[in-house]
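Colleague: Here is my input, please return the structure:
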Amino acid sequence: MAYNYLAAPDAELAPMLESLSGPKLPHGFIKSDINAYRAMIQDFGKSVSKSESPTPPDSLVVAGHSVTVEEGSILVRTYRPMDPLDAKLPLVVWTHGGGLVFGNLDSSDGVCRVLAHDLKLSVVNVEYRLAPEFPHPIPLDDSYTALKWAVKNSDALAADLSKGVIVGGTSAGAYLAAAMAQRALADPFFAAHGTKVSGQVLQIPMLCHPDALPESANLTSYEQNAEAPMLSTNTMREIYGGWTVPGNPSDPELSPLLRPSLEGLAPVYMQVTGLDPLRDTGLVYAERLREANVPLKLDLYPGAPHGFHVAFSQTKLAQRWARERMEGVRWLLAQGNA
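Modeller: Presented below is the predicted three-dimensional model:
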């Protein structure tokens, strides 16, 4: 099959894959003690966030905000460089990973700090409400409300919308970013505010419900990587189960890969790992983006499992991931100003 060659374990990572220290999720974890698994995952996430290159003390203005959403409120955390304090910066809205079930602001704190400091960006880190208590589409609706909040409050966030409005995230967070970019395309709110979503960062994205995969010879990774380290197909099926995402698996708001037309979408920077059940939905989405003439920059990590950059953050491959992520965001900013 077209992309199966990408699953052969990376030579640097292969000796480490047998001794993974990350948390394991048993079958039925969503219906069992979900809070215990959340605590385990979120403790792991704090160490993940610390794996990012630290930013100098007092180099950022960091603040928490409450954003009103339907039937409640969510937290967001904002970041911008301390120097120069009066600069107007491109805006990035970031959504964390965790299968829509796990994660919080701390999960993405490290990457948001690095983006704000190293690339001089105004960054909004979103803590959307989690399934199964708040099932689809609530995580997407919360994130989209936070995106609009950031646009409406751009002056207070030291953001210049004409310099770029980028949505981004990892895994489930990348799904949310892709779905937000699609939803925003026809939303008059953005035209009314003189802006648009100008770029997308999609890291190891969740892009299609496994029960709604389109017919394609290039969609084999759910089978090939069913028992892959870090993320298995069974875990993905449980995450997409009816407790988390009830409704139609073919709905493009749940499965962005299935949107009939991708024309007019904002440029995409994507990172895809080869030893990952999600590999082929990302790569087929990339095929469709190219066909729709959407500017695309794609970086591949053959033989690397989902989230390897977290579990093996000191490896050369993970360092390449971090470096290329920054180059990808720079590329998006240049696209927005082209």
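Colleague: Show me where this protein has its strands.
Modeller: 60-69, 72-81, 91-95, 122-127, 165-170, 199-203, 268-275, 296-305 (DSSP state E).
Colleague: Residue 141: which of the ones you listed is closest?
Modeller: Ranking the strands of the chain by their distance to residue 141 (criterion: Cβ to Cβ) puts strand 60-69 first, at 6.9 Å. All C-beta atoms are positioned from the backbone trio N, CA, C, and that covers glycine.
Colleague: Please list the residues outside that closest one that contact it.
Modeller: Contacts to strand 60-69, defined as Cβ atoms under 8 Å, 6 or more residues apart in numbering, come from residues 73-82, 85, 113, 116-117, 129, 141-142, 145-146, 149.
Colleague: Got a quick PyMOL command for the buried subset of these?
Modeller: Of the contacts of strand 60-69, the buried ones go into a single PyMOL selection, burial set by 16 or more other Cβ atoms under 10 Å:
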select buried, resi 74+76+77+78+79+80+81+113+116+117+129+141+142+145+146+149
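Colleague: if we can go back for a sec, so can I have TSV of the strands of the chain showing distance to residue 318 and mean pLDDT?
Modeller: Formatted as TSV, these follow (distance: least, Cβ to Cβ, whole Å; pLDDT from 0 to 100):
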stretch	distance to residue 318	mean pLDDT
strand 60-69	23	98
strand 72-81	22	98
strand 91-95	19	98
strand 122-127	21	98
strand 165-170	13	98
strand 199-203	12	98
strand 268-275	11	98
strand 296-305	9	98
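Colleague: low pLDDT regions in the stretch 201-338 of the chain?
Modeller: For the stretch 201-338 of the chain, residues meeting the criterion pLDDT under 70 lie at 243, 336-338.
Colleague: Off-centre distance for stretch 84-103?
Modeller: 10 Å (Cα atoms, centre = their mean, to the nearest Å).
Colleague: ok, which stretches of the stretch 201-338 of the chain are helices?
Modeller: For the stretch 201-338 of the chain, applying DSSP state H, counting those that start in this stretch gives helices covering 221-224, 233-239, 279-291, 308-311, 316-336.
Colleague: List the contacts of residue 10.
Modeller: Contacts of residue 10 (Cβ under 8 Å, 6+ apart): 274, 275, 301, 302, 303, 304, 317.
Colleague: Number of residues surrounding the first one?
Modeller: A count of neighbours around residue 274, defined by other Cβ atoms under 10 Å, yields 25.
Colleague: what's the spacing between it and residue 317?
Modeller: Using Cβ to Cβ, to the nearest Å, residue 274 is found at 11 Å from residue 317.
Colleague: Can you pull the residues that touch both of the two?
Modeller: 10, 301, 304.
Colleague: Check the residues you listed against residue 56 and report the nearest one.
Modeller: residue 301 (29.1 Å).
Colleague: Look up the closest residue to that closest one, ignoring the ones flanking it.
Modeller: residue 273 (4.8 Å; Cβ to Cβ, 6 or more residues apart in numbering).
Colleague: before we move on, what about residue 79?
Modeller: residue 116 (3.8 Å).
Colleague: who's in contact with residue 307?
Modeller: Applying Cβ under 8 Å, 6+ apart, the residues near residue 307 are 22, 97, 171, 204, 230, 231.
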